[in-house]
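Engineer: What would the 3D arrangement of this be:
(one chain, ligands or ions: 1)
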Amino acid sequence: MKTPVDIAVTGAAGQISYSLLFRLAAGELLGADQPIVLRLLEITPAMSALAGVVMELKDCAYPLLHKIVVTDNPKVAFDGVDYAFLVGAKPRKQGMLRSDLLQQNAEIFAVQGRALNEVASRQVKVLVTGNPANTNALIAVNNAPDLAPECFTSMMMLDHTRAVSQLSEKCGVRSTEIKNVMVWGNHSCTQYPDLHHAKVKGVDALELVENSWFVDEFMPTVQNRGTEVIKARGQSSAASAANAAIGHMRAWVCGTAPGDWVSMAVPSDGSYGIAEGLMYSFPVTVTGGRIDIVRGLDISDFSRARLRLNEAELKEERESIKHLL
Ligand code: NAX
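Structural biologist: Reported below is the predicted structural model:
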C-alpha cells in the first residue's frame, strides 16, 4: 500500500467541491492505487454543511480515502499538503462585477498564501479556482515567499475545455481529435480563446471554419459561457468546474499529451511580452511535473491586441490589490 498523499480543498462545502471531492476520493487525480487524505477547509458558519458532505463521503466507503480532516483553520488544512485546490471564495452572483468580487476575495488568498508558505510541502501544487482566479493566485504567490512561484497556478482549464467542445461540435469530430486550442490571459470575459494554432484531425482549424464563426460566435460563446450558465442555472458552473480542476491537476501530475498543450495561468516569465510575474494564461506543456510555457508561436496583430487587453486588465486588477502583495 502506498503512503497516503495529502490533498487540501478549500470551500469544501460549496457546489464545486460537491463534485470535486467525490472524484478525488474515487482516485481520478492520482490513480486507483494511491490512497489520499482529504483536508477540507471551510469558514466556521459552513462547518455544519461540511459535516453533511463528510457523511456522504464516508457513506461511499471509498477504498482510497484514508482519512478526512475537517477544519476552519488554513494552517491545519494545508499542513504538509502536496496538492491544494483553492476553491473557496464568494461566488459571483448575477449582476455582480468582478471588481466587487476582487475586493471581497483578496484577503482570503493573502491569508491562505501565508498559511501555505508556513506549512505546505515545499513541492506543493496549488490550483486557484476561486474568482477572480488569476489575481487571487497572484496574491497567494506574493504571500508565500518561501515557496517557488512555480508552485502556483490558476484555472483556465474550464475555458480551455469549453473552447475544445465548441470547436469539436462545429466540426463534428470528437474532442480528442482537436489539438492545440489555447485560451490566453485572464479568466474573465476578456480572455482570448485562440484557434490560430488549433488543429482538427491534423488540419488547421481556421481552414475549416469561417473567420466570422471564429470571431463572432466561437470567441464570445467561450468568453461568456460562465455568465450563460449562471443565467440558465441560477448558479455558476460547478460540475464542469470540478472536472476542469481535476483535468488541470492531472495534466500537472501526468504531463500533457505529445504534440498537444493545455491552457494554464502561471506566473509570466515575460513570454510574448507579458509583464513578468502576472498570473497569465498561456499554452503550456508539462513534463515530469514541470510546466513550460510554449514559446515562439506566431502571434498575429489580431491576437496581439487581445493578449495586450488581458495584460492591461490583469495589471489593473493587480493595482487594486497592491496593498496585499
Ligand atoms: P460556493 O459558494 O458554492 O462555495 C464556495 C465555498 O467557499 C462556500 O462553501 C464558502 O463557505 C467557502 N468559503 C468562503 N470563504 C472561504 C474561506 N476563506 N476559506 C474557506 N472556504 C471559504 O461556490 P462555488 O460554486 O463552489 O465556486 C467557488 C469559486 O469558484 C467561486 O469563486 C467561483 O466564482 C469560482 N469559479 C471559478 C471558475 C474558474 O474557471 N476559475 C469556474 C467556476 C466558478 O465560477
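Engineer: same question for whichever strand or helix holds Phe282, mean pLDDT?
Structural biologist: Here Phe282 sits within strand 279-287, counting by DSSP states H and E. In this model, strand 279-287 carries a mean pLDDT of 98.
Engineer: What is that strand packed up against?
Structural biologist: Where contact means 3 or more CB pairs under 8 Å, 6 or more residues apart in numbering; DSSP states H and E, strand 279-287 is packed against helix 133-142, strand 152-154, strand 182-184, strand 262-267, strand 290-293, helix 301-320. No exception for glycine: its C-beta is placed from N, CA and C like everyone else's.
Engineer: For the helix or strand that comes right after the third one, list every residue counted as buried.
Structural biologist: Same thing as strand 182-184. Proceeding N to C from strand 182-184, the next assigned helix or strand is strand 192-194, under DSSP H and E. For strand 192-194, a neighbour-count test (16 or more other CB atoms under 10 Å) marks Tyr192, Pro193, Asp194 as buried.
Engineer: thinking again about what came up before, would you format the helices and strands packed on strand 279-287 as a markdown table with mean neighbour count included?
Structural biologist: Output for those, formatted as a markdown table (neighbours: other CB atoms under 10 Å):
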| stretch | mean neighbour count |
| --- | --- |
| helix 133-142 | 28 |
| strand 152-154 | 27 |
| strand 182-184 | 27 |
| strand 262-267 | 26 |
| strand 290-293 | 17 |
| helix 301-320 | 16 |
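Engineer: So which of those is nearest the ligand?
Structural biologist: Of all the helices and strands packed on strand 279-287, the one in closest proximity to the ligand, counting by CB to the nearest ligand atom, is helix 133-142 (4.0 Å).
Engineer: before we move on, back to that, so which of the buried residues of strand 192-194 reach the ligand?
Structural biologist: Contacts with the ligand within those, counted by CB under 6 Å from any ligand atom: none were found.
Engineer: tell me which element Glu107 falls in.
Structural biologist: Here Glu107 is assigned to helix 98-119, by DSSP H and E.
Engineer: hmm, back to that, can you lay out the buried residues of strand 192-194 as a markdown table showing pLDDT?
Structural biologist: Below are those laid out as a markdown table (pLDDT from 0 to 100):
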| residue | pLDDT |
| --- | --- |
| Tyr192 | 98 |
| Pro193 | 98 |
| Asp194 | 98 |
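Engineer: For the closest residue to Gln235 other than its chain neighbours, list the residues it contacts.
Structural biologist: The shortest distance from Gln235 to any non-neighbouring residue, by CB to CB, 6 or more residues apart in numbering, is to Gln15 (6.4 Å). Gln15 makes contact with Gln235, Ser236, Ala238, according to CB atoms under 8 Å, 6 or more residues apart in numbering.
Engineer: again with Ala8
Structural biologist: Contacts of Ala8 by CB under 8 Å, 6+ apart are Arg39, Leu40, Leu41, Ala77, Phe78, Val81, Tyr83, Ala84, Phe85, Ala120.
Engineer: To which secondary structure element is it assigned?
Structural biologist: Counting by DSSP H and E, Ala8 is part of strand 5-10.
Engineer: how far out from the middle of the chain is that strand?
Structural biologist: Its chain's C-alpha centre and that of strand 5-10 lie 15 Å apart, by CA atoms, centre = their mean, to the nearest Å.
Engineer: now could you export just the CA positions of the helix or strand following that strand as CSV?
Structural biologist: Going down the chain from strand 5-10, the next helix or strand is helix 15-25, by DSSP H and E. This file holds the C-alpha atoms of helix 15-25, laid out as CSV (Å, rounded to 0.1, in the frame of the first residue of the first chain):
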residue,chain,number,x,y,z
GLN,A,15,-21.0,23.4,-5.0
ILE,A,16,-17.8,22.9,-7.0
SER,A,17,-16.4,20.8,-4.1
TYR,A,18,-19.6,18.8,-4.0
SER,A,19,-18.5,17.3,-7.3
LEU,A,20,-14.7,17.6,-6.9
LEU,A,21,-14.3,15.8,-3.5
PHE,A,22,-16.1,12.7,-4.7
ARG,A,23,-14.0,12.4,-7.8
LEU,A,24,-10.8,12.9,-5.8
ALA,A,25,-11.9,10.2,-3.4
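Engineer: Does helix 15-25 reach the ligand?
Structural biologist: Yes. Against the ligand, helix 15-25 shows contacts by CB under 6 Å from any ligand atom at Gln15, Ile16, Ser17.
Engineer: and those residues as a markdown table, adding pLDDT and distance to Gly202?
Structural biologist: Formatted as a markdown table, the residues of helix 15-25 next to the ligand follow (pLDDT from 0 to 100; distance: CB to CB, whole Å):
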| residue | pLDDT | distance to Gly202 |
| --- | --- | --- |
| Gln15 | 96 | 38 |
| Ile16 | 97 | 35 |
| Ser17 | 98 | 38 |
